[in-house]
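1. Sequence and predicted structure are below.
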Amino acid sequence: MHNVIPRSKPSSRPTGAAIAFALQSHSARGRGIVATMSNQLGDAAIACEQDIVEGITMDSYPGSPGQVIMNFINKSLVHAFEGGGPGQVTLMAQPNDADRVGISFSDNGAGIPPEILAKLFDPFFTTKLGQGESGLGLSVCYNLVKSILDGNISVVSELQRGTTLMIDLPLVAAKRNQS
């Protein structure tokens, strides 16, 4: 497993206030993150499975995990399933212990070569320069997870088998000065 540290200094300002929210409804197919991306997934013939343990409530910044998961989905569409599916992505969440939650996002796509894994969270790193990608998506994810959500992020990948991005978050985010 690789745990990559970006070269940029992350911001420590959250976007919005910390609020309590149920993780399952926040990411639910009908009204959450996956619903937002369902057209893109369907158009690319990518199925989305979810396995989110009921009752996980976070007191955190709901926009940040939402943005991270949307970026994960987008990266799968652009890189793992270049040219479309069929394929599958899976979003899972379960308590890691009494005060933390583990969220994993996996695909059964192309996988990531080891030499790219080492740079995956670096700002402005992209294999699609000039093709609409800026190289900021996963760097932003890293910074949100580490700086705003006080969590950890890691990735494992195997060529032609797929990639899994894992985040470990506290159920209660540290309160930040929002001035």
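-> Noted; the coordinates are in hand. Numbers count the residues shown, from 1 in each chain.

2. what comes up buried for the longest strand anywhere in the chain?
-> Looking across the chain with DSSP state E, the single longest strand is strand 87-97. Within strand 87-97, the residues scored as buried using 16 or more other CB atoms under 10 Å are 87-93. Every residue, glycine included, has its C-beta placed from N, CA and C.

3. likewise stretch 141-155?
-> 141-149, 151, 153-155.

4. Just the closest of those residues to residue 161, please.
-> For the buried residues of stretch 141-155, the minimum distance to residue 161 (CB to CB) is 13.4 Å, reached by residue 155.

5. what's downstream of the helix or strand encompassing the closest one, the next helix or strand?
-> Residue 155 is part of strand 152-158, with elements assigned from DSSP states H and E. As assigned by DSSP H and E, the chain's next helix or strand after strand 152-158 is strand 162-170.

6. picking that back up, next one: the longest strand of the chain to chain centre, how far?
-> Using CA atoms, centre = their mean, to the nearest Å, the mean C-alpha position of strand 87-97 is found 11 Å from that of the whole chain.

7. Which residue, other than its chain neighbours, is closest to residue 110?
-> Nearest residue to residue 110, sequence neighbours excluded (CB to CB, 6 or more residues apart in numbering): residue 80, at 5.3 Å.

8. same check, this time on residue 95
-> Using CB to CB, 6+ apart, the closest residue to residue 95 is residue 101 (5.8 Å).

9. residue contacts, that neighbour?
-> By CB atoms under 8 Å, 6 or more residues apart in numbering, the contact set of residue 101 is 23, 56, 58, 93-95, 168-169, 171.
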